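Participant: Need a 3D model of the following:
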Amino acid sequence: MADSDTPDAPRLLPDAIHRSVKPGTALLRLETTHAREGILDGAWWPRSRDIVAELPSLISALTEHLGPVTRVGLDGSAWDELPTRVMVDDRVVHIDSFPVGDDTVLITRGDRDHFSLLLVPPNTSPDAARAAMARAVRADNVTEANQILIDTGSDTPSTPA
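Facilitator: Numbers count the residues shown, from 1 in each chain. Next comes the predicted model:
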């Protein structure tokens, strides 16, 4: 029996998923119950710090799995410009600026259902981003977003080729 087949082994995404991770990708492990075990529900690796360009594709992807997203909480200092709302698929999504750190995105569905995503910096190297995203979506992850970025080297800008 492989390690991943044991009942207590952490559930990971298939290797093929990790190879295909590229900027603009969101990896999600969504648990919509009250008994969520991990700190993070997913990870997002935007292509840039332009939230108006980046957020609609994330919201569309989340809406497919969660239903309508009503709010997004971000650290305003992490983005080039932060509007108070965006239109995505003919729906208004409110954007809240919180000093949550530039390593986290908070997603709200309805009034009280919240999801926390690791935010991988846009200039992160592909290997570091894959490692950070894989760790964030582990069902047994109890490491905070900032520490995941440090541990995987995702907090260090990649050097251009």
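Participant: in this structure, what spans have low per-residue confidence?
Facilitator: 1-38, 100, 156-161 (pLDDT under 70).
Participant: Do a quick rundown of the helices in this protein.
Facilitator: 15-19, 51-66, 126-136, 145-152 (DSSP state H).
Participant: From the contact counts, what lies against the longest one?
Facilitator: Contacts defined by 3 or more Cβ pairs under 8 Å, 6 or more residues apart in numbering; DSSP states H and E place helix 51-66 against strand 25-28, strand 69-74, strand 85-88, strand 91-97, strand 104-109, strand 113-119. Any C-beta I mention is one placed from the backbone N, CA and C, and that applies to glycine too.
Participant: The second one pairs with which strands, and in what direction?
Facilitator: Here the strand partners of strand 69-74, with direction, are listed using DSSP bridges: strand 91-97 (parallel), strand 104-109 (antiparallel).
Participant: wait, which of the ones you listed is closest to residue 62?
Facilitator: Comparison of the strands paired with strand 69-74 against residue 62 by Cβ to Cβ identifies strand 104-109 as nearest, at 6.1 Å.
Participant: mind checking how far that closest one is from the chain centre?
Facilitator: Mean-position distance between strand 104-109 and its chain equals 9 Å (Cα atoms, centre = their mean, to the nearest Å).
Participant: For it, list the C-alpha coordinates in PDB.
Facilitator: The C-alpha trace of strand 104-109 is given here as PDB (Å, rounded to 0.1, in the frame of the first residue of the first chain):
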ATOM      1  CA  THR A 104      -3.700  35.900   2.100                       C
ATOM      2  CA  VAL A 105      -7.000  36.400   0.200                       C
ATOM      3  CA  LEU A 106     -10.300  36.000   2.100                       C
ATOM      4  CA  ILE A 107     -13.300  34.900   0.100                       C
ATOM      5  CA  THR A 108     -16.900  35.300   1.300                       C
ATOM      6  CA  ARG A 109     -19.800  33.300   0.000                       C
END
